[in-house]
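Peer 1: let me see the structure of the following:
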Amino acid sequence: MSTHVDSTQAAGLNWLADRRPTRSIAIAGGKGGVGKTTVAVNLGMALAMGGRDVLLLDADLAMANIDVLLGLQPTRHLGHMLEGECRIEDLILEAAHGLKVIPATSGTRRMAQLPNIEHAAVIRAFDEYPLAPEYLIVDTAAGISDSVSMFAAASDEVVVVVCDEPASLTDAYALIKVMSREFAINRFRIVANMVRHAQEGRQLFEKLSRVTNRFLDVSLDFMGMVPHDEYLRQAIRRQSAVVDAWPSSRSAVGFKNLARSVDTWGEPEPRAQGRIGFFAERSHLGGGLPL
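Peer 2: The predicted structure is shown next:
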C-alpha cells in the first residue's frame, strides 16, 4: 500500500518538475483597433494547440470580448469574484484545445471605474489558483489607464501590438514611456499586426525602436509579425481562433510563429522590488501539487 502511494507521489512530483514556471504575458496596444485581443486569443490558442497549459485572462474589465471571439457564454465574470460570490477558478470557461478563459464583462460602469485596490485584488486572486498554468495571457484594455498599467506591470512580459498607423506608433511609444518611467519595466516585445508583408513589419518595429532608443532607456525585441488576412476576418465572424479554423492561412502561420517564439524565451527579468505580480506567491515549480 505504502509503496503504491510512494510511487504515485513520486510520479506526481516528476510531472510537476517537468512543468515550467508560469510565465505571465500582458498583451497591450496603446491605441484601440490594433488587433490586440485577436493577438491574445490566437497566441493563447496556438500555445494550447501545441500542448501547453494556457490561461487567458480578459483584463479589459468593462469592454470584454474574448468570450464573444471564442463563442463562449459565461454566467459569471470577474465582477462576481470581486463581490465575493465565487473564486477565481469558478470563472473558468474551456475553449477549444483546452484553452482556459477567465471572462470579464462589458458595459458595466462599476467595472469601468474600479479603484487600484480592486485591480490588485484581481492580480492577487491568482495566488489562490489551484494549479498555476504554464502561460497566463493577459489581454489588457486599450490606452494607458490604471488598469492597463497595473496588469502589464504585474506580468513577466509586456507585448506591445502595433499596426501601420501613425497613431498606433505614437500611442505605443506613450505606453512604453509610462511603463518604463513609472514601473521600471525596461524590456518590451513588439508585434507588428495586419501588415502587408514581413518587410513592413520589420519597418514598423524599426520606426518605434529609433524613437525609444533616442528618448528612453528600454530594450525592444521584435517578436514577429502577423499579415493582413481575410481568413482572420472570417474566423472572427465564426467566433473562432483563426489558428484553429484555418490553420494554414497566412495569419494563422504568423500567430503560430509568435507562439514558437514565446516557447523559446529565456527566464523573465526580475520584477521590481515591491511590485505585485500574477502568481507571485507561488513556488517556482508552477503552483504546488495538483489537487
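Peer 1: residue contacts, Met223?
Peer 2: Applying CB atoms under 8 Å, 6 or more residues apart in numbering, we find Met223 in contact with 159, 189-191, 258, 261. Any C-beta I mention is one placed from the backbone N, CA and C, and that applies to glycine too.
Peer 1: narrow the residues you listed to those in strands?
Peer 2: Mapping the contacts of Met223 onto strands (DSSP state E) picks out 159, 189-191.
Peer 1: in the protein, which spans are helices?
Peer 2: 2-18, 36-49, 66-69, 78-82, 109-112, 116-125, 146-153, 166-183, 198-215, 230-237, 242-245, 250-262 (DSSP state H).
Peer 1: out of those helices, flag the one nearest Ala96.
Peer 2: With respect to Ala96, and counting by CB to CB, the nearest of the helices of the chain is helix 242-245 at 5.4 Å.
Peer 1: the closest one packs against which elements?
Peer 2: Contacts defined by 3 or more CB pairs under 8 Å, 6 or more residues apart in numbering; DSSP states H and E place helix 242-245 against helix 36-49, helix 230-237, helix 250-262.
Peer 1: thinking again about what came up before, looking at the contacts of Met223, spot the one nearest Gly33.
Peer 2: When the contacts of Met223 are compared against Gly33 (criterion: CB to CB), the nearest one is Val191, at 14.5 Å.
Peer 1: which strand residues bridge the residue nearest the centre of the chain?
Peer 2: Geometric centre of the chain, nearest residue: Ile137, 2.4 Å, by CA atoms, centre = their mean. Here Ile137 sits in beta bridges with Ile25, Leu56, going by DSSP bridges.
Peer 1: mind checking how far it is from Phe278?
Peer 2: Applying CB to CB, to the nearest Å, the value for Ile137 to Phe278 is 11 Å.
Peer 1: over to Ala112?
Peer 2: 22 Å.
Peer 1: of those two, which one has the most company?
Peer 2: Set side by side, Ala112 and Phe278 show more neighbours around Phe278, with 26 against 15, by other CB atoms under 10 Å.
Peer 1: count the neighbours of the spatially closest residue to the more buried one that is not a sequence neighbour for me.
Peer 2: The shortest distance from Phe278 to any non-neighbouring residue, by CB to CB, 6 or more residues apart in numbering, is to Ser24 (4.2 Å). Residues lying near Ser24 (other CB under 10 Å) number 26.
Peer 1: export the contacts of Met223 as TSV, with columns for distance to Ala125 and neighbour count.
Peer 2: Output for these, formatted as TSV (distance: CB to CB, whole Å; neighbours: other CB atoms under 10 Å):
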residue	distance to Ala125	neighbour count
Val159	22	26
Arg189	25	22
Ile190	30	24
Val191	28	29
Leu258	27	23
Ser261	29	16
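Peer 1: redo those residues as TSV? Include distance to Met223 and pLDDT.
Peer 2: Shown next, in TSV, are the contacts of Met223 (distance: CB to CB, whole Å; pLDDT from 0 to 100):
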residue	distance to Met223	pLDDT
Val159	6	98
Arg189	4	98
Ile190	6	98
Val191	5	98
Leu258	6	98
Ser261	6	96
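Peer 1: closest one of those residues to Arg76?
Peer 2: Val159 (27.7 Å).
Peer 1: beta-bridge partners for that closest one, please?
Peer 2: When bridges are called by DSSP bridges, Val159 pairs up with Ile27, Arg189.
Peer 1: and Pro247, how many neighbours?
Peer 2: 15.
Peer 1: kindly state the pLDDT recorded for it?
Peer 2: With respect to pLDDT, Pro247 scores 98.
Peer 1: again, but for Ser147
Peer 2: Ser147 is assigned 92 on the pLDDT scale.
Peer 1: what's near enough to touch it?
Peer 2: Contacts of Ser147 (CB under 8 Å, 6+ apart): 59, 61, 114, 119, 140-141.
Peer 1: if we go to 6 Å?
Peer 2: With contact set as CB atoms under 6 Å, 6 or more residues apart in numbering, Ser147 has these partners: 119, 141.
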